[in-house]
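**Student:** I'll drop the sequence and a predicted model, then ask my questions.
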Amino acid sequence: MSQDRSFAVNRLWATVALAALLIAILIFAFMFLACGAASLGLAMEFPRHVGESAMFFVVAVICGAALLCLCAAFGSLFKTLRAGGPALTISPEGFRYSFASDDLIPWKEIRDISPDGGLGRGKSATGLRFQLDSGFADTLHWRSKIANSFKSQVIAVRFAFIKAPKAELREALIRPLQSKSVQASSALLAKANWLLG
């Protein structure tokens, strides 16, 4: 592979995902507000309804946490669509997946690869999950502010957000790992062969 390959954003699936996230945000916001109000209302009748008040408070906290995660995912996806450019760029040095980070992910920093989503073997997967070296993952700047806080060591490439056939994407993302210049471990090479085979 001598030159960079770019794959465009599949705006249809990204827009569908934005709509689904917006609906989920509205549902969890309603649940958060309703459970919070019920908890406060029941707390006013202390001590008769302490159990119910505590239960609604816990549900409100869980809904609030889910709401924050959904809002972060919505913001990250919206920023990516608004920024434009290719969804995935593959070069001899590594790949750049704009839905996760604007930084280049070098091939030598990948420790493991696995199919993500789908049923059965790797061919039906709806994406690929790359395990990154922990030292490199700490320096990576993620598009999501929550991901920046937790410094995830996994980057999942979702095929639905990229305008190209799954087989072509799988080939383009896995084939460079078999290159001698990457010097991948024998376990990673075996996994790459299994996923392409």
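**Tutor:** Yep, that arrived. Numbers count the residues shown, from 1 in each chain.
**Student:** Now stretch 66-79: buried residues?
**Tutor:** 66-67, 70-74, 76-77 (16 or more other Cβ atoms under 10 Å). Yep, even glycine has a C-beta here, placed from its N, CA and C like the rest.
**Student:** scratch that, stretch 55-65 is what I was asking about
**Tutor:** Those would be 56-57, 59-60, 63-64, for stretch 55-65 by 16+ other Cβ under 10 Å.
**Student:** for stretch 95-112, same thing?
**Tutor:** Quick answer for stretch 95-112 (16+ other Cβ under 10 Å): 95-101, 105, 107, 109-111.
**Student:** still on that earlier bit, save the buried residues of stretch 55-65 as a markdown table, and put in distance to residue 164 too.
**Tutor:** A markdown table is the format used below for the buried residues of stretch 55-65 (distance: Cβ to Cβ, whole Å):
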| residue | distance to residue 164 |
| --- | --- |
| 56 | 47 |
| 57 | 47 |
| 59 | 42 |
| 60 | 43 |
| 63 | 37 |
| 64 | 38 |
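**Student:** mind checking which helix or strand the residue nearest to the spatial centre of the chain is in?
**Tutor:** Centroid-nearest residue in the chain: residue 156, 5.3 Å away (criterion: Cα atoms, centre = their mean). Element membership of residue 156, judged by DSSP states H and E, is strand 154-158.
**Student:** mean confidence score for that strand?
**Tutor:** Strand 154-158 carries an average pLDDT of 87.
**Student:** Format the buried residues of stretch 66-79 as CSV; extra columns: distance to residue 182, pLDDT and secondary structure.
**Tutor:** Formatted as CSV, the buried residues of stretch 66-79 follow (distance: Cβ to Cβ, whole Å; pLDDT from 0 to 100; DSSP: H, G, I helix; E, B strand; the rest coil):
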residue, distance to residue 182, pLDDT, secondary structure
66, 39, 94, helix
67, 41, 93, helix
70, 36, 91, helix
71, 37, 90, helix
72, 32, 84, helix
73, 31, 84, helix
74, 35, 89, helix
76, 28, 80, helix
77, 30, 84, helix
